[in-house]
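Chemist: the following comprises the amino acid sequence and a computationally predicted model.
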Amino acid sequence: MEKFDTIIIGFGKAGKTLANFLNKKGETVALIEQSPKMYGGTCINVACLPSKNLIIAAERKPENTDNSQYYTQAVQNKKAIISQLNQGNYHNVADLDKAQVIDGRAFFKDPHTITIKTDSNASLDVYGNKIIINTGSLPTIPEKIENLSELVKKGKPFYTSETLMDEENYPETLTIIGDGFIGLEFASMFNQFGTQVTILSHHKQSAFLAKEDTEVAEAVYTAMVSQGIKFIFEAHTVKAQAKEGQAILSYKQNEEEIDIVSEAVLVAVGRHANTQGLALENAGVEINDNQSIKINKYLQTTQDHIFAVGDVNGGPQHTYISLDDNRILQSYLYGDKSYHLDNRKQTPSATFIEPPLASVGLTEKQATAAGYQIKTAVLEVKDIPKAKIAYRTTGIYKAVVDAQTNQILGVRLFGEEAHEMINIVVTAMNANLPYTDLRDQIYTHPTMSEALNDLFGKIE
Ligand SMILES: Cc1cc2nc3c(=O)[nH]c(=O)nc-3n(C[C@H](O)[C@H](O)[C@H](O)COP(=O)(O)OP(=O)(O)OC[C@H]3O[C@@H](n4cnc5c(N)ncnc54)[C@H](O)[C@@H]3O)c2cc1C
Ligand SMILES: NC(=O)c1ccc[n+]([C@@H]2O[C@H](COP(=O)([O-])OP(=O)(O)OC[C@H]3O[C@@H](n4cnc5c(N)ncnc54)[C@H](O)[C@@H]3O)[C@@H](O)[C@H]2O)c1
């Protein structure tokens, strides 16, 4: 049986970064990936990069273009660029002198032995002094919606984000179950491709984007509705059917059962940690109720030599969090162990809708509930000179600061370039700069970021 200093299960962001780092430290590394289509992991192949490539294509769609042809070409272009990235990612690990990429599905035989099953059903055992689990997450398909999981397995016209992005046929109509990251990004994107989009949301309208400040959530809703996206709140989907190529969803609203028919349905109600099939019980690795792996602040599982990184450990599901998990392991394995989950700094988020929404830190409600005395400011994007000359005036910014210390507690930016601008705010927050530093900074002009002068200038 071949022995490795480290075995990494799954080609995720943390795992591939660690493979490079550990190789540099002189370790032998095996990185096991179940599918060649997934070299580089979820983000590269079926999530962030393909979705953002399609979102950019949708934004750039010229007027008076044939929707169907443009869409098909966009999906084909996406496939081409993703295939290049997949191969680049493969070589970034496979070409290392002490690391190997092994194709196959891995599971634990015992705490140090991993069995790998290949496509041809061959089986190989490998031994690891350390094992890093980086198997990501999978879309959740609600069992209580009759027929849904079988229909999603069959494919067209029922999709997950992954299968929908591979569909080359343009849907005239799309119903999305869920209004989180994926639901909103895909709604915005398909709307721009020309598709008529309806979002079914099980909660009340007042709970829409509940993690954002109310004014900002309302502005996002108003913008998306004015773009032609339809929201149906308090819609409890109960049944799915496929008839003559069309998707039919039945939902209950106020005791009434209503059917909605569309050419495609996207299920986007969250993702759960991918731990099934790893036989973690053979290794004594425990999981939480939501299937994520139990970890301590160093990302160590209930076995000292086994670590869990990325979506599988139940943290926020973003590629940059998986990357940061890699930093924690670098610090633990070869550093002074000073960096861990308890001192992780600000974690921003960006939702790539039109215009983008980006957030960091606390909302006004959260800051008040946490006992802060706060000062707030709101700025409408229509008042920003760059927004005016670019004809991109939709949106609103909100800032919350600590009235006693002037520290920035949270910022929401809904507007052009928000996904880029938020990183300026994060830098200031991580450096514990007072809001006055952003208020008084000299920014280039005309830019969206110079509006931070005005946003923070409104704080009295
Ligand atoms: C549509 C969509 C869009 C997204 N957009 C963004 C975005 O814009 N920005 C952002 O930051 N995040 C985004 N995310 C989230 C992001 O994709 C994930 O948080 C991130 O990819 C998780 O990476 P990871 O390191 O946990 O592992 P992953 O990249 O998920 O890698 C896990 C790998 O393990 C492999 N694997 C699983 N089980 C086994 C096994 N038993 N044996 C061998 N291999 C196995 C899988 O095939 C996979 O390649 C998006 C997600 C989706 C679904
Ligand atoms: N830009 C980004 O960083 C980005 C983009 C896409 C996805 N992601 C990651 O992928 C993960 C999965 O995305 P997601 O959108 O599937 O999950 P999510 O958790 O963001 O949103 C799920 C939504 O579905 C709703 N929901 C749950 N059950 C429902 C039901 N039965 N009927 C109707 N609505 C229901 C929830 O209220 C919630 O609004 C996210 O956690 C996110 O971190 C990140």
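Modeler: Yep, it's here. Ligands and ions are numbered 1, 2, ... in the order given.
Chemist: for the residue in the stretch 151-300 of the chain that ligand 1 sits nearest to, grab the count of nearby residues.
Modeler: Proximity of the stretch 151-300 of the chain to ligand 1 (CB to the nearest ligand atom) peaks at residue 161, 3.7 Å away. Just so you know, the C-beta spots here come from the backbone N, C-alpha and C atoms, and that holds for glycine as well. By other CB atoms under 10 Å, the residues close to residue 161 number 21.
Chemist: for it, give me its contacts.
Modeler: 46-47, 51, 139, 182, 186, 266, 268 (CB atoms under 8 Å, 6 or more residues apart in numbering).
Chemist: ok, residue 308 next?
Modeler: 132-134, 285, 292-293, 295, 299, 301.
Chemist: and stretch 105-115, C-alpha only, in PDB?
Modeler: Provided in PDB are the C-alpha atoms of stretch 105-115 (Å, rounded to 0.1, in the frame of the first residue of the first chain):
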ATOM      1  CA  ARG A 105     -14.200   8.100  -5.200                       C
ATOM      2  CA  ALA A 106     -12.600   7.900  -1.800                       C
ATOM      3  CA  PHE A 107     -13.900   6.600   1.500                       C
ATOM      4  CA  PHE A 108     -12.400   5.700   4.900                       C
ATOM      5  CA  LYS A 109     -11.400   2.100   5.500                       C
ATOM      6  CA  ASP A 110      -9.900   3.000   8.900                       C
ATOM      7  CA  PRO A 111      -8.500   6.200  10.500                       C
ATOM      8  CA  HIS A 112      -5.400   6.200   8.200                       C
ATOM      9  CA  THR A 113      -6.500   4.100   5.200                       C
ATOM     10  CA  ILE A 114      -8.500   5.500   2.300                       C
ATOM     11  CA  THR A 115     -10.000   3.200  -0.300                       C
END
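Chemist: is it anywhere near ligand 1?
Modeler: Yes. Using CB under 6 Å from any ligand atom as the criterion, contacts between stretch 105-115 and ligand 1 involve 105-106.
Chemist: what lies in contact with that stretch?
Modeler: By CB under 8 Å, 6+ apart, stretch 105-115 touches 1, 7, 9, 32, 34, 116-118, 123-129, 131, 277-280, 282-285, 303, 305-306.
Chemist: what about ligand 1: which of the residues you listed touch it?
Modeler: Residues of these in contact with ligand 1 (CB under 6 Å from any ligand atom): 9, 32, 34, 277-278.
Chemist: among those residues, name the buried ones.
Modeler: Using 16 or more other CB atoms under 10 Å as the burial test, those include 9, 32, 34, 278 as buried.
Chemist: so which of those are in helices?
Modeler: Among those, none falls in helices (DSSP state H).
Chemist: reformat those residues as a markdown table; add pLDDT.
Modeler: Listed next are these as a markdown table, based on pLDDT from 0 to 100:
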| residue | pLDDT |
| --- | --- |
| 9 | 98 |
| 32 | 98 |
| 34 | 97 |
| 278 | 98 |
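Chemist: ok, residue 71 - contacts?
Modeler: 168, 170, 193-194.
Chemist: hang on, it in a strand?
Modeler: No. With DSSP: H, G, I helix; E, B strand; the rest coil as the criterion, residue 71 is helix rather than part of a strand.
Chemist: thought residue 354 was touching residue 192?
Modeler: Yes. Taking CB atoms under 8 Å as the definition, residue 354 is a contact partner of residue 192 at 6.5 Å.
Chemist: so what's in contact with those two at the same time?
Modeler: Joint contacts of residue 354 and residue 192 (CB under 8 Å, 6+ apart) are residue 59.
Chemist: re earlier: which two among the contacts of residue 308 are spaced furthest apart?
Modeler: 132 and 292 (15.3 Å; CB to CB).
Chemist: higher neighbour count, those two?
Modeler: Shown here are residue 132 and residue 292; by other CB under 10 Å, residue 132 has more neighbours (30 against 19).
Chemist: which residues touch the more buried one?
Modeler: Per CB under 8 Å, 6+ apart, neighbours of residue 132: 6-9, 14-15, 18, 306-309, 329.
Chemist: tell me what it is bridged to.
Modeler: Beta-bridge partners for residue 132, by DSSP bridges, are residue 8, residue 307.
Chemist: give the contact list for the closest residue to ligand 2 within the stretch 301-450 of the chain.
Modeler: Closest contact between the stretch 301-450 of the chain and ligand 2, by CB to the nearest ligand atom, is at residue 317 (3.5 Å). Residue 317 is in contact with 137, 271, 311, counting by CB under 8 Å, 6+ apart.
Chemist: bridged to the closest residue to the second one other than its chain neighbours, which residues?
Modeler: Right, the one you point to is residue 271. Spatial nearest neighbour of residue 271, excluding adjacent residues (CB to CB, 6 or more residues apart in numbering): residue 137 at 4.0 Å. For residue 137, the beta-bridge partners under DSSP bridges are residue 273.
Chemist: residue 137 reaches residue 273, doesn't it?
Modeler: Yes. At 5.5 Å, residue 137 counts as touching residue 273 under the criterion of CB under 8 Å.
Chemist: if we ignore the residues flanking it in sequence, what's nearest residue 34?
Modeler: Nearest non-adjacent residue to residue 34 (CB to CB, 6+ apart): residue 105, at 4.3 Å.
Chemist: ok, residue 26 - contacts?
Modeler: Residue 26 sits in contact with residue 98, where contact means CB under 8 Å, 6+ apart.
Chemist: try it again at 6 Å.
Modeler: By CB atoms under 6 Å, 6 or more residues apart in numbering, no residues touch residue 26.
Chemist: end-to-end on stretch 296-313?
Modeler: Distance across stretch 296-313, first residue to last, is 10 Å (CA to CA, to the nearest Å).
Chemist: any buried residues in it, and which?
Modeler: For stretch 296-313, by 16+ other CB under 10 Å, it's 298-301, 303, 306-313.
Chemist: please apply the same query to stretch 257-272.
Modeler: So, applying 16+ other CB under 10 Å, buried residues of stretch 257-272: 260, 262-272.
Chemist: any weak-confidence spans in the stretch 151-300 of the chain?
Modeler: Counting by pLDDT under 70, the stretch 151-300 of the chain contains no low-confidence range.
Chemist: ligand 1 contacts on that one?
Modeler: Contacts of the stretch 151-300 of the chain with ligand 1, taken as CB under 6 Å from any ligand atom, map to 161, 182, 274, 277-278.
Chemist: farthest-apart pair in the residues you listed, please.
Modeler: 182 and 278 (24.5 Å).
Chemist: domain map for the chain?
Modeler: Per automatic domain parsing, the structural domains of the chain span 2-139+272-343, 148-269, 349-457.
Chemist: next up, the contacts around the closest residue to ligand 2 within the stretch 1-150 of the chain.
Modeler: Scanning the stretch 1-150 of the chain for the residue nearest ligand 2 gives residue 142, at 4.6 Å (criterion: CB to the nearest ligand atom). Contacts for residue 142 (CB under 6 Å, 6+ apart) come out as residue 269.
Chemist: now with 8 Å?
Modeler: Per CB under 8 Å, 6+ apart, neighbours of residue 142: 148, 177, 237, 267, 269.
Chemist: okay, the first one and residue 226: tell me how far apart.
Modeler: Read that as residue 148. 31 Å (CB to CB, to the nearest Å).
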